[in-house]
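Undergrad: Turn this into a structure:
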Amino acid sequence: MWALDAALSALFAGLTSILAKLGVRSTDSDVATALRTAIVLVLAWVVSVLSGTVSGIGAIPASAWGFLIASGAATGASWICYFHALAKGPVSAVTPIDKASTPLTVILAFLLLGESASPLKVLALVAYFAGALLMLPAAQPSDPGVAPPSEPHGGPFNSWLLWAIGSAVFAALTSILGKVGVEGVPSDLATAIRTCVVVVLAFAIVIGRGKWRFVRAIDRRELGFLIASGLATGASWLFFYRALRIGPAHGVVPIDKLSFLVSLVFARVVLGERLSSRARAGLVLAVASTVALAL
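TA: Coordinates of the predicted model:
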């Protein structure tokens, strides 16, 4: 039963990327992040209530709150970067770069926490980054004197790659901060608290940049996709935590981490994105190394 829950977690996590992509075709990515995070906030607390961990909020030590807030800020930065990347780049390239947070976490854990780095881990790290590089779109040659194509929301061509890398880096920092300071806090309760910080950060950016006026101009169809994206994230969390409660972590995590493979399938079916033979080879490397790292 836990394997089915883990598979459903990966399914909804993969679906989240596609729904988010459909929700930022014309909607400002900062506004989209804020609205989607508000939906996730509600669902995060629902998950915490259903699991019964919300009752332990009063027992969280003062030292852990600082790490929770810092982890929430890193989560918010990761989500903001991810939405910017999705608004500008293809899902089939953005998602594998974003999921590089897994090997980056291993690297940071080795550098900052002194965790071991076995030969298998090093090999898996190299394989994942090689696979992610192979999945990047090939640069298109341009004619002399012709300006490179612009992106939907401005910015230099291929700047989505920088946003995707930022998403992965901040997601890795989220994991490290959680590992260092909130080991005694249940993961679903910690996620609910972190999401509060993300909501504040996301709306502060929207208001600070004067983008609040864009909220009323959101296309209704895209608003529906953003709401569905938030609901898919909540569903993914619900199935993930249920799988962890009844199944072994070494079995649950590898299945859940393959959500980027689900995203690629949806990207092909829904968005018509195709993988080149080089990208398919990269996908094989990325999947194999993700499983190796998770195990």
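Undergrad: distance between the lowest-mean-pLDDT helix or strand in the chain and the chain's centre?
TA: When the helices and strands of the chain are scored by mean pLDDT, DSSP states H and E, helix 249-257 comes last with a mean of 74. Its chain's C-alpha centre and that of helix 249-257 lie 16 Å apart, by C-alpha atoms, centre = their mean, to the nearest Å.
Undergrad: show me what contacts the closest residue in space to Ser51 that isn't next to it in sequence?
TA: Closest residue to Ser51 apart from its sequence neighbours, by C-beta to C-beta, 6 or more residues apart in numbering: Asp188 at 5.2 Å. Yep, even glycine has a C-beta here, placed from its N, CA and C like the rest. With contact set as C-beta atoms under 8 Å, 6 or more residues apart in numbering, Asp188 has these partners: Ala44, Val47, Ser48, Ser51, Thr53, Trp237, Tyr241.
Undergrad: Can you classify Glu115 by secondary structure?
TA: Following DSSP: H, G, I helix; E, B strand; the rest coil, Glu115 is assigned to coil.
Undergrad: Could you measure from the nearest residue to it once chain neighbours are set aside over to Ile165?
TA: Computed as C-beta to C-beta, 6+ apart, the closest residue to Glu115 that is not its neighbour in sequence is Ala109, at 4.2 Å. Distance of Ala109 to Ile165, computed by C-beta to C-beta, to the nearest Å: 19 Å.
Undergrad: Which one of those two is surrounded by more residues?
TA: The neighbour count for Ala109 versus Ile165, taken as other C-beta atoms under 10 Å, is higher for Ala109 (19 against 16).
Undergrad: Which parts of this protein are helices?
TA: For the chain, helices defined by DSSP state H occupy the ranges 2-23, 29-51, 62-88, 91-98, 101-112, 119-134, 160-181, 187-208, 220-246, 249-257, 259-270, 277-294.
Undergrad: Adding distance to Phe214, write these out as JSON lines.
TA: Converted to JSON lines, the helices of the chain look like this (distance: least, C-beta to C-beta, whole Å):
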{"stretch": "helix 2-23", "distance to Phe214": "13"}
{"stretch": "helix 29-51", "distance to Phe214": "5"}
{"stretch": "helix 62-88", "distance to Phe214": "13"}
{"stretch": "helix 91-98", "distance to Phe214": "22"}
{"stretch": "helix 101-112", "distance to Phe214": "29"}
{"stretch": "helix 119-134", "distance to Phe214": "32"}
{"stretch": "helix 160-181", "distance to Phe214": "19"}
{"stretch": "helix 187-208", "distance to Phe214": "8"}
{"stretch": "helix 220-246", "distance to Phe214": "11"}
{"stretch": "helix 249-257", "distance to Phe214": "33"}
{"stretch": "helix 259-270", "distance to Phe214": "25"}
{"stretch": "helix 277-294", "distance to Phe214": "34"}
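Undergrad: Least confident of these, on average?
TA: Lowest mean pLDDT of the helices of the chain: helix 249-257, a mean of 74.
Undergrad: by contact count, what packs against it?
TA: Contact analysis of helix 249-257 by 3 or more C-beta pairs under 8 Å, 6 or more residues apart in numbering; DSSP states H and E lists helix 2-23, helix 220-246, helix 277-294 as its packing neighbours.
Undergrad: tell me the angle the shortest one makes with helix 91-98.
TA: Which is helix 277-294. Between helix 277-294 and helix 91-98, the angle comes out at 30 degrees (axes from the mean of the first three to the mean of the last three C-alpha atoms, to 10 degrees).
Undergrad: Could you pull out the buried residues of helix 277-294?
TA: Residues of helix 277-294 classed as buried: Ala279, Gly282, Leu283, Leu285, Ala286, Val287, Ser289, Thr290, Ala292, Leu293, Ala294 (neighbour count, 16 or more other C-beta atoms under 10 Å).
Undergrad: What is the nearest of the residues you listed to Thr105?
TA: Closest approach between these and Thr105, by C-beta to C-beta: Leu293, at 9.0 Å.
Undergrad: my guess is that closest one meets Leu123, correct?
TA: No. At 10.0 Å, Leu293 does not count as touching Leu123 under the criterion of C-beta atoms under 8 Å.
Undergrad: I'd like the distance between Leu238 and Leu111.
TA: For Leu238, the distance to Leu111 - C-beta to C-beta - is 33 Å.
Undergrad: okay, the two: which has more neighbours?
TA: Neighbours per residue (other C-beta under 10 Å) separate Leu238 from Leu111, with Leu238 holding more: 21 against 11.
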